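> Generate coordinates for the sequence data below:
(chains A and B)
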Amino acid sequence: MDLHFGDSKPTDDERAAVDALLGPPESSWEGADRTDADLRWARGGREARDRRDLLLPGLHALNDRVGWISEGALDYLCRRLTVPPAEAYGVATFYAMFSVRPRPATVLYLCTDLACTAAGAPELCAGAEARLGPESGVRVERSPCLGLCERAPAALVIRAGEDPARPAFEDEARQGRSGGPGAAAPGAGNGKGRRGRNTLRATAVCAPATVDTTVQAATAPETARTEPPPTTAVPQAGDPTLTLLKRIGTVDPGSLDDYRAHGGYTALRRAFELGPAAVIREVTDSGLLGRGGAAFPTGRKWQATASRPDHPHYLVCNADESEPGTFKDRVLMEGDPYALVEAMTIAAYATGAHKGYLYLRGEYPRATHRMRHAIEQARARGLLGDDVLGQGYAFDIEIRRGAGAYICGEETALFNSIEGYRGEPRSKPPFPVEKGLFGKPTVENNVETLVNVLPILTMGAAAYAAIGTRRSTGPKLYCVSGSVERPGVYELPFGATLGELLELAGVREGLRAVLLGGAAGGFVRPDELDVPLTFEGTREAGTTLGSGVVMAFDDTVPLPRLLLRIAEFFRDESCGQCVPCRIGTVRQEEALRRIADRTGAAAADDIALLREVGRAMRDASICGLGQTAWNAVESAIDRLGAYE
Amino acid sequence: MTAIPLGVPRRLVEFTLDGQEARVPEGSTILDACRAAGKEVPTLCQGDTLAPKNACRVCVVEVEGSRTLVPACSRKAEPGMEVRTDTERARHSRKVVLELLASSVDLSTTPPAAQWIKEYEAKPDRFGPDAARLDEEPRVDNDLYVRDYGKCILCYKCVDACGDQWQNTFAISVSGRGFDARIAVEHDAPLTDSACVYCGNCIEVCPTGALSFKSEFDMRAAGTWDESRQTETTTVCAYCGVGCNLTLHVQDNEIVKVTSPHDNPVTHGNLCIKGRFGYQHVQNRD
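Numbers count the residues shown, from 1 in each chain, chains lettered A, B, ... in the order given. Next up is the predicted model:
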């Protein structure tokens, strides 16, 4: 490639950030100073281009260190990776967490999504924005769902700088960090380096957030209160009947020994006894359906990938949980990270993959730290690496962080994101099992789906299939939030009714509506609480289980305002590739804004318009985002009688 | 005698197209089959020299058993498939897509748009006077061509032509997201600061006139652009030994635009800066 680079130069910080990821440049072709030797050879061809997938990690490295991505920094990264600067600019501007304009090192994300709005996000935003003016050194951004709905309203602080100022959670502090350049002692320093400038990277999560705690966390993230342990998100913690959540709250998520003492790695041993084909048979016989929202049979997906002659095969775990109201995967990763490592190993073993990618949501600092720690520990103990459990099977996991794009939860958009392209969905066919990541056969599963594989192997397919109903087998996690006394992740066997779940969570008086499945799901009425929570049951009732969101709203929440927020969400998160979604989501939002205060005949024209646009979005959009962007609004009009 | 390459014989795929038997070579798209059968399917982002991007969704058709409509431009015909191109459902989506596009960008220089809008009874005004539009000032930052984003439908054809499908210059990409997505060079700089080599192959594939010769842009602004008074003469570029075909568009004895035949087996409509823009010497009369 004959690439053209501008004259902008990176700063020392930017260069250091990129070099920390990629190593020092080998020649002037990669951005080092020119020497005579450079005149005699050139770096190029496939070897140079094959590092394209490091573009997103490179952008993260710059954003983590400097807080934004300058022209010089982007050009330097492109030079290092042989990526055209125009394409890298397209990628950098795709993600909400990156900025190509200068901004303060600290960014405060305030969740304004459904659960947080109902819990007072507007007041929080107004208060925080009033106190964090331009001189505060904090950029305040209103954000879509941060996945902290059980502790709404939520705020996330990310301060760019050198290495972490303090560990994201307590147990890592006890163990200490593994030294190396830039390693700081736990909790050391005030986050200020030479010249009194904030130079240490830090993150803080504030939930439930008040104006005071948010401003405190934004101005000094290292002094923010530590997050409560993950078990607070699991009201059922300690219940012996739990399957997927049984270790959360009882097992130290930082300790591999503790995990093994509580049944960890028995499933992987069983998998090695059975062999790959029998593992797939077990998963198929168990009736496991994907938990990410599409409910595709997992065994069939595995079988289709395993049988492909083309190699290598890849495993991708989709942990880019961004559906508003969903936080189950975060709780699983924070509370039981080794379970996911083990489950990924089993899935890879069964499908013949030797490399797994864990695509983790960028807004989940604690889950990222926990998973990183768990993977390191597993690697150190021979549970990942060249010879897993001494069985001669090689497998390793790499974490890739998302950067604020809901669309990257779409399986093919996620592949593009990992490969260093804009996170735009690909057209199917070909399907991922045939041509997925890097064009190779790929299995992509959601976190919860994978974690279900462990009980399938330990208890056997038949016993697992006996849980739940005939067509929806096993336990299911639900993310309950909104107008309930005990919000959190609940585990119930498939077949429990919505009413039973809400009772368990302590639904409050005056229930007006329940949103099932998130923004891409649908509303149901308070008199429909007997709908069975199964894939087929919700489908028969004309709604969807989606990713397991159950959000309760009482009659104090204005319904048109909720619908407008959902429409804003889809407008912001549309990737812009296809016309029905790119412009349809804008027209949908405009119409909902017009009728926010209207009812009856005054709203009828716009509702007719919404129906027509919604139908075209559902029929003609490339991917699930556009196809479902009208679902929740339609259900509110048809089932709840909004605007009547 | 020159040998004419015939290629590997391809199997025929049989399927049903609007109730009639259709037979097309394996690997053909539904759109290929429609065109072979003389059926009109509107397309915008599809290009005869480019891999289908299927971004505009104006070519959607109904396929039996498919939950959603499928883009005819990229879906390959499969044996036994039942395709219907003119159902109410397909027509509805095409109509709405045309309404969405026409309500947000200027389609005045998109050749068949007005005719389709009439045919599908699309009413772009129904989104009201406040409907968001792109409404951007044309970017005139060089002497050769103009970028008028107010006319851009984000079909990705220019990006593909500039990238690995033809030019391999990679000067442009889509930046931003959703309704704010735009075609941009690196750092959204002026073209003169970018990797652009002014081959004009992006103009060649642009379906809406968002990218146009500066000469065409100026004449349109002055009201003197009149295609009915133009002649097209295909000739051979005189600059180098490749021998690319040029089609000179001449109005009032002045070259106003240069294109290249897409069916040329060597260049497929692509040129370099000299062939595309280096014609001024022809009309220097003093």
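> What pairs with the helix or strand harbouring A:N445, parallel or antiparallel?
Using DSSP states H and E, A:N445 sits within strand A:442-446. Strand A:442-446 sits in its sheet next to strand A:313-319 (parallel), going by DSSP bridges.
> mean confidence for the strand it pairs with?
For strand A:313-319, mean pLDDT is 98.
> Heading C-terminal from that strand, find the next helix or strand.
Going down the chain from strand A:313-319, the next helix or strand is helix A:328-335, by DSSP H and E.
> Give me the angle between that following helix and strand A:313-319.
Angle of helix A:328-335 versus strand A:313-319, following axes from the mean of the first three to the mean of the last three CA atoms, to 10 degrees, is 100 degrees.
> which parts of helix A:328-335 are buried?
A:328-335 (16 or more other CB atoms under 10 Å in any protein chain shown). Heads up, the C-betas are built off the backbone N, CA and C, glycines and all.
> Give the buried residues for the strand holding A:N445.
Counting neighbours by 16+ other CB under 10 Å, the buried set in strand A:442-446 is A:442-446.
> one step back: just put the buried residues of helix A:328-335 in a markdown table and tack on distance to chain B and pLDDT.
Output for the buried residues of helix A:328-335, formatted as a markdown table (distance: CB to the nearest CB, whole Å; pLDDT from 0 to 100):
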| residue | distance to chain B | pLDDT |
| --- | --- | --- |
| A:K328 | 26 | 97 |
| A:D329 | 23 | 97 |
| A:R330 | 24 | 97 |
| A:V331 | 28 | 97 |
| A:L332 | 29 | 98 |
| A:M333 | 26 | 98 |
| A:E334 | 29 | 97 |
| A:G335 | 32 | 96 |
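> Show me the shaky parts of chain B.
B:1-3 (pLDDT under 70).
> Identify the residue nearest the geometric centre of it.
Centroid-nearest residue in chain B: B:P207, 3.4 Å away (criterion: CA atoms, centre = their mean).
> in the stretch 51-200 of chain B, which spans are helices?
Taking DSSP state H, counting those that start in this stretch, the helices of the stretch 51-200 of chain B run over residues B:88-104, B:113-119, B:157-162.
> deepest of the ones you listed, which one?
Among these, ranked by average contacts under mean count of other CB atoms under 10 Å in any protein chain shown, first place goes to helix B:157-162 (a mean of 26).
> Near chain A, which residues of the stretch 101-250 of chain B? Just list them.
Contact residues (CB under 8 Å from any CB of the partner chain) of the stretch 101-250 of chain B with chain A: B:101, B:103-104, B:126-128, B:130-132, B:153-154, B:156, B:163, B:168-181, B:184-189, B:193-195.
> one more time with 7 Å, if that's ok
Within reach of chain A by CB under 7 Å from any CB of the partner chain, the stretch 101-250 of chain B has these residues: B:101, B:104, B:126-127, B:130-132, B:154, B:168, B:170-179, B:181, B:184-187, B:193, B:195.
> Double-check that A:V586 belongs to a helix.
Yes - assessed with DSSP: H, G, I helix; E, B strand; the rest coil, A:V586 lies in a helix.
> Skipping adjacent residues, who's closest to it in space?
Spatially, and ignoring its direct neighbours in sequence, A:V586 is nearest to B:F179 (4.9 Å; CB to CB, 6 or more residues apart in numbering or on different chains).
> Run a quick neighbour tally on that neighbour.
The number of residues packed near B:F179 is 21, by other CB atoms under 10 Å in any protein chain shown.
> any idea how far A:A115 is from it?
26 Å (CB to CB, to the nearest Å).
> So what touches stretch A:277-284?
With contact meaning CB atoms under 7 Å, 6 or more residues apart in numbering or on different chains, stretch A:277-284 is reached by A:271, A:274, A:298-300, A:302-303, A:306, A:346, A:349-350, A:453, A:456-457, A:461.
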